[in-house]
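Participant: build me a model:
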Amino acid sequence: TIDLRGHTLQVTNPSVPTMIKGFGTRVTIKNGTLYTSDAGVGIDLGIAQMTTVEDVHIRGGVTAIKTGDDAIVRNCRVYFSAESAIALGDNALIDECLIKANNDGSIAIDTGEMSIVRDTVVSRGRIGVLPGAGSRVTGCIVRDADYTGIYGTELVTVKDCTVQECGYGIWTLSDSRIQD
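Facilitator: Numbering: from 1, shown residues only. Here you go, the predicted model:
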């Protein structure tokens, strides 16, 4: 566990690719703020399993938070990410996060299969939420996505979400459900 205890870490050198990189299982990053370079990754747990990122605010970077399978990202804030604000593997949970002012070519939230995106607000980007097959998106608000607010693959459930001022609102593939 890395507990930032409310501290702020800042990278000013663009040649530093990642601020925090973890591997293995049960890695936790929590309670702090990261300012990353425009070319970097804030938290890279892409090969780690069963990870938790909680109460972290990240500004900048190509990707702010990247995790492997079985991850939890809770109560995080991401501002000005260039590609994917939060990119997760399969069986992940994103809960009560805010993603704001992503680059126009970006995907704010990109999940693997069988994931849950819950009670999260996304503002700006190309695609707001891109849930993998069998995933569920509930109670979310997506605004100002240039292409699509929520762009689901097959077997996706979208429930109680609000999509405003997006090119397309909610777009899903076969056997998906959209519910009020």
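Participant: C-terminal to the worst-scoring helix or strand of the chain on mean pLDDT, what's the next element?
Facilitator: Taking mean pLDDT, DSSP states H and E as the measure, the helix or strand of the chain with the lowest value is strand 18-21, at a mean of 88. Sequence-wise, the next helix or strand downstream of strand 18-21 (DSSP states H and E) is strand 28-35.
Participant: contact partners of that next one?
Facilitator: Contact with strand 28-35 is made by 1-11, 19-20, 22, 42-43, 45, 51-60, as judged by C-beta atoms under 8 Å, 6 or more residues apart in numbering. (C-beta placed from N, C-alpha, C; glycine too.)
Participant: for PyMOL, write a command that selects the buried ones of the residues you listed.
Facilitator: Of those, the buried ones go into a single PyMOL selection, burial set by 16 or more other C-beta atoms under 10 Å:
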select buried, resi 4+11+19+20+22+42+43+45+51+52+53+55+56+57+58+59+60
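Participant: name the residues that touch the least confident helix or strand of the chain?
Facilitator: Contacts for strand 18-21 (C-beta under 8 Å, 6+ apart): 2, 9, 11, 29, 34, 36, 40-45, 61.
Participant: in strands only, show me the contacts of strand 28-35.
Facilitator: Counting by DSSP state E, the contacts of strand 28-35 place 2-3, 8-10, 19-20, 42-43, 45, 52-59 in strands.
Participant: of the contacts of strand 18-21, which is the nearest to L88?
Facilitator: Closest approach to L88 among these (C-beta to C-beta): L45, at 9.5 Å.
Participant: let me know whether that closest one touches T51 as I believe.
Facilitator: Yes - when contacts are counted by C-beta atoms under 8 Å, L45 is listed as touching T51 (4.5 Å).
Participant: now for these two: what residues contact both?
Facilitator: Residues touching both L45 and T51 (C-beta under 8 Å, 6+ apart) are 22, 27, 29, 67-68, 71.
Participant: for S135, see how far away the closest residue to R59 other than its chain neighbours is.
Facilitator: In space, and not counting its chain neighbours, R59 is closest to Y79: 4.6 Å by C-beta to C-beta, 6 or more residues apart in numbering. Y79 is 24 Å from S135, where distance means C-beta to C-beta, to the nearest Å.
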